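**Q** quick check, what structure comes out for this input:
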Amino acid sequence: MRKIVFVLLALLLAAPALSACGGSGDSGADETFKVGAIYPMSGSNAFQGQQCMAAVRIAVDFINGKGGVQGRRLELFEADAPDPNAAATEAGRLIDQKGVSVIFGSLASGNAIAIAGVCEKSGALLVESGGIADALTDQGFRCVLRILDKGGLRGAAGVDYLADAVAGRLGKAGDKLRLAIIHEDSSYGESVAAGARSRAEELGLPVVYDASYSTSVRDMSALALGLREAAPDALITVNYVDDAVLLFDTLRQYGAVPKVIMGCGAGTTSPKFAEDIGVDSDGIFCTDMPTNLSLDVFASDEGIQATVTAFREAFLDVYPDMAGGSIAAEAAFAGAYTFLDGIAPSAASLGFEDLREAALSIKLPLTTLGFGWDIGEDGQNYAAAANINQWQGGKVITVHPSKMKNGEAVNVPLPIADI
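**A** I've put the predicted structure just below:
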């Protein structure tokens, strides 16, 4: 598969330099198709944001190596957005000054909602591969195309797995499992926690502790003490990476580590989480997008299988220490590559309405994330679903659903559990 990467690179080197002039992406066949990418390249989420940007660059390179979109080479404009204010400002700059008609982003839900607000007014599309807050697709944005599951469904998926597959290993009936929920208080954390809370109520599972915090917090001792007193069987937690590490360290410090930890989203799935926690991460669940799936998942489509292999080769050239994969990067690549390769070429034009129409009318049975593309009027991909993953030996292993799993769950209960 390395040959694929080398051929693509050779095509890129032979191609003419990209134009730096302005103009919209739909004004003439002699112009480039201008697209943007907005990720947190600085700040607390920079570790994953930089990986996402690298993944979008790879997707753009691959498409340009195949001749571009509708005969036009892609021109990528990048922006750093460590927070929603910067995300909105940069979205306006890319659209108004650079003439981009599509933005790929944006890792954080707050950033995604801010970008969507600008895109909605300016007539640009947001292809979102990171932000999962329910609000992104629940408030009527026409500009949003989210390729992932939504936060409420992810929280529910975590609860379902605990009730179905974990309770018995703790010697408990599914409806007797005592749950705790701790989440950061942005739209992202609130969405996932609400979904978990609602599903627990439906299943009759008692939630014995429920708390939120701001990501600016520097002391989580009150959370740890509250959790220790409540003594749940399992903790569902929703975090970004720095606060996920702080929470876990505090739980260890106060002897408040529960038997099972189910992280739902960015914080516990970041390689930095396992790197900072060390061997104690083994057995912690991390419900998220699919990552580093077995190539057997893509056996039904040799083209997608080859693309996945080529992306992983190219990504490792940039991040040679990440053989275990990066969930955020694989999702960013999937969003950009699927839209540019599977949607935009079939649009009647590269204008907003025609691109949106193509995105909603085209149904793809498989993408490089292992599920399909089926965008509804609200911009949500109804073919997307969360996987149940687990840290094992410093790698993310998928343990559910069966068609995507590449390993079995271990360390239930956690060897380091205190309560």
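**Q** for the rest of this, base every contact and every neighbour count on C-alpha atoms.
**A** OK.
**Q** in a helix, Glu75, correct?
**A** No: counting by DSSP: H, G, I helix; E, B strand; the rest coil, Glu75 is not found in a helix; it is strand.
**Q** quick check, it in contact with Thr32.
**A** Yes: in this structure, Glu75 is within contact of Thr32 by C-alpha atoms under 8 Å, at 6.1 Å.
**Q** quick one, which of the two is more surrounded?
**A** Using other C-alpha atoms under 10 Å, the more surrounded residue of Glu75 and Thr32 is Thr32, with 25 against 22.
**Q** wait, that one touches Arg73, no?
**A** Yes: judged on C-alpha under 8 Å, Thr32 makes contact with Arg73 at a distance of 5.1 Å.
**Q** ok, and what's touching stretch 111-130?
**A** 81, 83-85, 87-88, 91-92, 95, 100-109, 131, 135-136, 141-148, 328, 331-332, 334-336, 339, 352, 356 (C-alpha atoms under 8 Å, 6 or more residues apart in numbering).
**Q** what do you get if the cut-off is 7 Å, keeping everything else the same?
**A** If you take C-alpha atoms under 7 Å, 6 or more residues apart in numbering as the criterion, stretch 111-130 is touched by 83-84, 87-88, 91-92, 101-108, 131, 136, 141-148, 328, 331-332, 335, 352.
**Q** ends of stretch 380-397, how far apart?
**A** End-to-end distance of stretch 380-397: 26 Å, with C-alpha to C-alpha, to the nearest Å as the criterion.
**Q** pretty sure Ala329 contacts Cys52?
**A** Yes: between Ala329 and Cys52 there is a contact under C-alpha atoms under 7 Å: 4.4 Å.
**Q** more neighbours, these two?
**A** Set side by side, Ala329 and Cys52 show more neighbours around Cys52, with 31 against 25, by other C-alpha under 10 Å.
**Q** got the contact list for that one?
**A** Applying C-alpha under 7 Å, 6+ apart, the residues contacting Cys52 are 328-329, 332.
**Q** gap between Asp175 and Glu202?
**A** Distance from Asp175 to Glu202, counting by C-alpha to C-alpha: 10 Å.
**Q** more neighbours: which of these two?
**A** In this view Asp175 and Glu202 are compared by other C-alpha under 10 Å, and Asp175 has more residues nearby, 16 against 10.
**Q** residue contacts, the nearest residue to that one once chain neighbours are set aside?
**A** Nearest non-adjacent residue to Asp175, counting by C-alpha to C-alpha, 6 or more residues apart in numbering: Leu205, 4.9 Å away. Counting by C-alpha under 7 Å, 6+ apart, Leu205 makes contact with 175-178.
**Q** now do Val399
**A** Contact analysis of Val399 by C-alpha under 7 Å, 6+ apart lists 388-390, 405-409.
**Q** which stretches of the stretch 301-419 of the chain form strands?
**A** Using DSSP state E, counting those that start in this stretch, the strands of the stretch 301-419 of the chain run over residues 387-392, 395-400.
**Q** for Ala314, which of the ones you listed is the nearest?
**A** Among the strands of the stretch 301-419 of the chain, strand 395-400 comes nearest to Ala314, with 19.2 Å by C-alpha to C-alpha.
**Q** report the buried residues of that closest one.
**A** Buried residues in strand 395-400, counted by 16 or more other C-alpha atoms under 10 Å: 395-400.
**Q** distance from it to the middle of the chain?
**A** Remark: strand 395-400 is offset 15 Å from the chain centroid, using C-alpha atoms, centre = their mean, to the nearest Å.
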